[in-house]
Structures are given as structure tokens and as C-alpha cells.
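Colleague: Attaching a predicted model along with its sequence, questions to come.
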Amino acid sequence: MMSDLILDDLTKTFGGIRAVDSVSLTPRPHKINLLMGSNGSGKTTLINCISGFQRTSGGAIMFCREPITNKPPHQIFHKGIIRTFQTPRLFENLSVLENLLVAKSGTCEGFVDALFPKRWNQTEKNIKEKALSILEELGLKELQDNLAYDLSGGQIKLLELGKVLMSDCKLVLLDEPIAGINPVLAHKIFKKITQICNATKTTFLIIEHRLDIALQYANFCMVLDGGKLLASDTPDKILHNKKVIESYLR
Amino acid sequence: MMLEPWIIFLADLVAIFSIYLIINLSLNLEFGFAGIPNFGKVLAVGAGAFVMGMLPIGLYGVMFGMTQHSIHDNLEMTQLINERLAVHPELGFLVFGITISVAMAVGMLLGLLSSYPAIRLRGDYLAIVLLAFGEMIRIVGINQEELVGGTLGVRVPDLLSFVPEEYRFLMFSVLLLGFAGMVYFAVSKFTGSPVGRLLRAMRDDETAVQALGRDTTKIKMKVLMVAGMIAALGGLLYASYVEGVVAFGYNRLNWTFLPFVMILVGGLANNKGVLVGTIIFVAIRKLVIYFNDGLDGLIPFDIIWLDYLLLGGIMLVVLMFRPKGLMPEKPNT
């Protein structure tokens, strides 16, 4: 099957440090791909390069057969790629519902149209309906009018997932979606990811350190070590890969 | 017939309130909603006033076939123009309309110009660059005599020359209130739309907004253009109201810092809050000036510092006890 995302010899350097070192990989399309590696192995830098937040130093990134190397983040999003951040970045002074509404890009946001509610009322109504159904699905509906600032750590992670659902993107890059939350909620989040993946044929590329949980849901794993791709295989095989075990024990 | 002092006081209060409301709404759009710390607010305000000081007198000069110099013979020219406008008020409104359009276009252009640093800068650095932009207008105005008469300034033809002397003042206040009402209505519509929500999101986290497919550089550019347009209107109206333009008057205290204080006290990203903040501050300033003589001697310092001290004091108290202002922003869903 043709992959949505192809990284070819991708390199990112910071002065003399090669944070991502000639990485070539092809995540499995419409599957949950886990990007593993110890701290400082280059996982977040890799996601930053794919999503346009950092310029690459070499190599190429293709998405759906189109080159997207070094395109700005907003253009990458419009190609169908959404990302989340290691430290969740919510709009703290916006309500939970508003956070989801903003995630639906390019809808009724013309500066002139803004003065004429008739031009955007219907679209806004449709988006709101979708947002409310997502909030219900995530168990956040009763918090819709609360400020995002008031949410707990777990609720914040759920809201981040809600933004992903709102966006209708084909490739989702999640940076530690279950960091710092209890195992029950962590499983709930991964179950939700699996459900989205299967139902909408979305490809997930997930960075996660809590392998005990993440590996139960991943379909394919890629391991980075010192900026290089160490291994890529199915979760069962990765767990028994000596090089991978050594990279974590070092 | 002479107007009662309290009517003059009230009319002046309404006029200054209306002008500040227009300017504060534009600043609130930039800072309160979009998070752009425009410390160069005076740039667009001054530009609007400068257009008012330059354009109408030039246009009238051509229309009435005047040969005098618009700066050197400014007093004579405005006197003659006012006499003609008293007979042909329609010409006054035509020129006023043209001047408003030009001033708003200039404000928009300056917004575009000052948005260029916004491409690379954020937060404090952007604020400093915008502050420098704001300083330009006064310095250019003072040194470039051909613009608005340098240090001496220029008089501006009176749009309401056709109105009897005693009612002119009142009518201008009503006119200004009408403009302020229109701007308030338009800005409220604008900020109450999905665009307002997007601007608040950008203010909270620009990076996250980029990750959701928005070109924040373009958005900031557009906001500065729209706000520049509104602020230029405010500057133009002020120049018309005081019937003159003196470049010295367009300083950062009156047209940048005070608007910041007013919107901070009223409540950022809340147009009603801006309204309240503007009323409070303008009323205090005017009351202090009005009762200037009565208060002199009662306080242990020069009376001229009283309004600054009061305004600063109120801001401190509000920021300590209600950091989000008297009327905090509300979700828009």
C-alpha cells in the first residue's frame, strides 16, 4: 500500500549536532504508527520538520505524493496534516467549545464577511453541531462553556484529541498524547485513537514514552536513536529487537 | 445665546469620549483580541489628523480658486473657507467625506507598513518596533513644516460653519457620538463573528493557531490595517473637533498610553468593557480639569499632576483586584 507520508534522507542539524540524521521512513497508511526512542533521540524534531515548524537541513518529505518539505505550518495543515504538542497548547481564555470551533480551519473567517452574519451563520451552526457531538463523544459536553484554562490534565488531552477530530486531517502527528495522565484515561485515549483510525482511515504517527500502554494499540513502530532510524517493525518484533533494547538501556 | 457651562462640559465630555472610544476600540482589536501590543497607536491617529490638516484646505483652495499658501496664509484661508461653507454646507460634507476616505486609506496603509515587523517579531520586540513607528509621526510633523505647519500647526476648516455659533459645539458632539456609535456597532459585529474568536485564539497561542492552518502573519497584517483605518478616523475627528492640528499634540501619552490604560481598566477583548473604561477615564480627566481651580490648594502638589495620579492609581487598583479589567472577556459561542 502506498504510504501517505514518506521521509527520504531527512536531516536536521543544530550547529554541529545532527538531531535528525538521514532518516528515511514510511509510516503505515491508515494505521497507528509509534515513534519511539529515548529522550533526545530526535522524535520531536522529526515531527517539527514534518509539520513545518522547523526547516530541514536536508532530505525530502512527501505527503500524498506531493513534496511538502519546508512548507510553512499553515500550508502543511491544509495538505491534511495536523499535529499536537508535547506540552498541550490550548487557547486558555477560550471556552472548551470555542477551542474546537477554532480547530475547523478557514470557515467563515473573511474580514469583510465578519460584518454580515448571514454569510456565516449557517456554516457556524453546522460546525457547532459537529463540535458538540465530538464533545459528547469525549465526555466533555457539560464543560463546553468552561474556559480551557480550568480543565484538568486529562481533560486537556481529550480536548486536544477533539481538535484533531474537528480538523478532518488525513495524517495526525501526536506528541506524547498520554503523558502525565492516569492509566485508565490513557487507555481511553488510545481506544479513541484506534476508533478514529479505523473509522476515518486516518494515519497516526505518535510519539509516546509509555510503551506499556502505547504498544498495545500500535500497528507499526519506528525507533530513533541519536537522530538515526534504528529499527522499524511491528510492535512484537520491536520489543525483541536487541538494538532497541540496548538503546533504551544505555 | 450663551450655553450653560454644564452643557458645554457635557458636550465636550461626549465629544472626547466618542473620539477616545473610536481609538480604544481599534486598540482593543489589536491588543485585546489579536494580542498585538501596538505601542505605536499614535501613528494612525496622527496620520488621520494630519490628513485633516492638509487635504480639506487644499481641496477647498482648488474648489474656490484660492491663491494663498495653505500653510503660510492658513488663518486667512480657513476664515474665507468657513465663510463659504456657511453658505454651501453640501461642499463641506463632500470634502469631509473625501477626507475621511483618504484618512482611512492612509491609516490602513500605515497599518500595513507597521505590520512588516510583525512578520518576524512577537511580544516585547514587536511592541518596541511599533513604539518607534509611533514616534515618527510627531517628529515628522514638527520638522516638516509643509505638512501641518510644523511647530505652529494649522487650522482646519469648520465643517459646521452653517450652524449658528451657539449650537455648533453641541452639534459636533452629536456628530462625533454618531460616528462612535457606528464604529462600536461595526467592531462589535466583527469581534462577535468567527474572526473575533480566531483573533482571541491567536492572542492565546500563535503557534497553535499556525498548526491549525492559519497564516498568522497575514492575520496580524489585516488586523493592523483595519485598526489603523479606525484609529485614523478617530484622529481625523479629533482634528475636526478642535479645528486644528498641531503635531506636538500627537504624543504617545495621549494617543497610545492613555488608550492602553482605558482598555486595561475596562477589560481587554470586551467592547463593553472598553466603553466603560473610556467613560471612567474621560470623565475623571474632564472633571479634574473642570474643577481645577476649586481643587487647587486642597492638594499638596500641583493640580496638573492630579489626573495622571488618579488615572495611574485607578489602573493599579484595577490590575491588583480585577486583573482582567472591570468587564472581563466572555466566550463567543
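Modeller: Ah, there it is.
Colleague: Run through chain A and note the low-pLDDT ranges.
Modeller: Applying pLDDT under 70 to chain A flags the ranges A:1-3, A:105-107.
Colleague: hey, where'd the strands end up in it?
Modeller: All strands of chain A, identified by DSSP state E, fall at A:5-14, A:17-25, A:32-36, A:58-63, A:66-67, A:81-83, A:171-175, A:203-207, A:220-225, A:228-233.
Colleague: Quick check: closest non-adjacent residue to A:I50.
Modeller: Using CB to CB, 6 or more residues apart in numbering or on different chains and skipping residues adjacent in sequence, the residue nearest A:I50 is A:I61, 5.9 Å away. Backbone N, C-alpha and C define where each C-beta goes, glycine included.
Colleague: List the contacts of the one you found.
Modeller: Contacts of A:I61 were listed using CB atoms under 8 Å, 6 or more residues apart in numbering or on different chains, and they are A:L5, A:I6, A:L7, A:D8, A:L10, A:C49, A:I50, A:P67, A:I68, A:T69.
Colleague: repeat for A:K157
Modeller: Contacts for A:K157 (CB under 8 Å, 6+ apart) come out as A:P88, A:P177, A:I178, A:I181, A:L185, A:I189.
Colleague: which of those has the most neighbours?
Modeller: Going through these with other CB atoms under 10 Å in any protein chain shown as the criterion, the one with the most neighbours is A:P177, at 26 neighbours.
Colleague: Wasn't B:M66 part of a strand?
Modeller: No. Read with DSSP: H, G, I helix; E, B strand; the rest coil, B:M66 is coil and lies in no strand.
Colleague: show me the contacts for A:L132.
Modeller: With contact taken as CB under 8 Å, 6+ apart, A:L132 is in contact with A:L97, A:K141, A:Q144.
Colleague: and of those, the nearest to A:A199?
Modeller: Minimum distance to A:A199 across the contacts of A:L132 is 19.9 Å, recorded for A:K141 (CB to CB).
Colleague: my guess is that closest one meets A:A131, correct?
Modeller: No. Applying CB atoms under 8 Å, one finds A:K141 not in contact with A:A131, separated by 9.9 Å.
Colleague: Most neighbours among the contacts of A:L132, please name it.
Modeller: Ranked by neighbour count under the definition other CB under 10 Å, the contacts of A:L132 are headed by A:L97 with 24 neighbours.
Colleague: doesn't A:Q144 make contact with it?
Modeller: Yes. Taking contacts as CB under 8 Å, A:L97 lies within contact range of A:Q144: 4.2 Å.
Colleague: quick one, longest helix in chain A?
Modeller: Looking only at chain A and at elements set by DSSP state H, the helix with the highest residue count is helix A:117-137.
Colleague: Next, the buried residues of that helix.
Modeller: Buried residues in helix A:117-137, defined by neighbour count with 16 or more other CB atoms under 10 Å in any protein chain shown: A:W120, A:E124, A:I127, A:K128, A:K130, A:A131, A:L132, A:I134, A:L135.
Colleague: can you give me how far that helix is from the chain middle?
Modeller: For helix A:117-137, the separation from the chain centroid amounts to 23 Å (computed by CA atoms, centre = their mean, to the nearest Å).
Colleague: Not including adjacent chain positions, what is the nearest residue to B:K286?
Modeller: By the measure of CB to CB, 6+ apart, the closest residue to B:K286 outside its immediate chain neighbours is B:L13, 5.0 Å from it.
Colleague: The one you found in helix, strand or coil?
Modeller: Using three-state DSSP, the secondary structure recorded for B:L13 is helix.
Colleague: OK, contacts around it?
Modeller: With contacts defined as CB under 8 Å, 6+ apart, the neighbours of B:L13 are B:V282, B:A283, B:K286.
Colleague: for the helix or strand where the second one lies, packing partners?
Modeller: Assigned by DSSP states H and E, B:A283 falls within helix B:271-290. In terms of contacts (3 or more CB pairs under 8 Å, 6 or more residues apart in numbering or on different chains; DSSP states H and E), helix B:271-290 is packed against helix B:5-27, helix B:165-191, helix B:258-266, helix B:306-321.
Colleague: ok, and for that helix, which residues are buried?
Modeller: Of the residues in helix B:271-290, those buried under the neighbour-count criterion (16+ other CB under 10 Å) are B:271, B:273-282, B:285-286, B:288, B:290.
Colleague: and which of the contacts of A:L132 is nearest to chain B?
Modeller: Distance from chain B was checked for each of those by CB to the nearest CB. The minimum falls on A:L97, at 5.1 Å.
Colleague: so who does the closest one touch?
Modeller: Residues touching A:L97, when contacts are defined by CB under 8 Å, 6+ apart, comprise A:K128, A:A131, A:L132, A:L135, A:Q144, A:D145, B:P331, B:T333.
Colleague: Could you double-check that B:F133 lies in contact with B:G40?
Modeller: Yes. In this structure B:F133 lies within contact range of B:G40 using CB under 8 Å: 4.0 Å.
Colleague: For chain B, which helix or strand comes out least confident on mean pLDDT?
Modeller: Considering only helices and strands, the least confidently modelled element of chain B by mean pLDDT, DSSP states H and E is helix B:292-295, at a mean of 76.
Colleague: Quick check: B:L29 vs B:T216, distance?
Modeller: Taking CB to CB, to the nearest Å as the criterion, B:L29 is separated from B:T216 by 15 Å.
Colleague: and the two? which has more neighbours close in?
Modeller: B:L29 (27 against 21).
Colleague: what pLDDT does the more buried one get?
Modeller: As summarised for this prediction, B:L29 has a pLDDT of 97.
Colleague: which residues sit in contact with the residue in chain B sticking out farthest from the centre?
Modeller: Here chain B has its C-alpha centre computed as a mean, and the residue farthest from that point, by CA atoms, centre = their mean, is B:A211 with 35.0 Å. Under the criterion of CB under 8 Å, 6+ apart, the contact partners of B:A211 comprise A:S51, A:F53, A:P73, A:F77, A:I82, A:R83, A:T84, A:F85, A:R89.
Colleague: What about these, which are in helices?
Modeller: A:P73, A:F77.
Colleague: show me which of the contacts of B:A211 neighbour chain B.
Modeller: If you filter those for contact with chain B, counting by CB under 8 Å from any CB of the partner chain, you are left with A:S51, A:F53, A:P73, A:F77, A:I82, A:R83, A:T84, A:F85, A:R89.
Colleague: And the strands in the stretch 101-250 of chain B?
Modeller: Applying DSSP state E, counting those that start in this stretch to the stretch 101-250 of chain B gives strands spanning B:154-155, B:244-245.
Colleague: could I get the ones you listed as CSV with mean neighbour count?
Modeller: Formatted as CSV, the strands of the stretch 101-250 of chain B follow (neighbours: other CB atoms under 10 Å in any protein chain shown):
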stretch, mean neighbour count
strand B:154-155, 22
strand B:244-245, 24
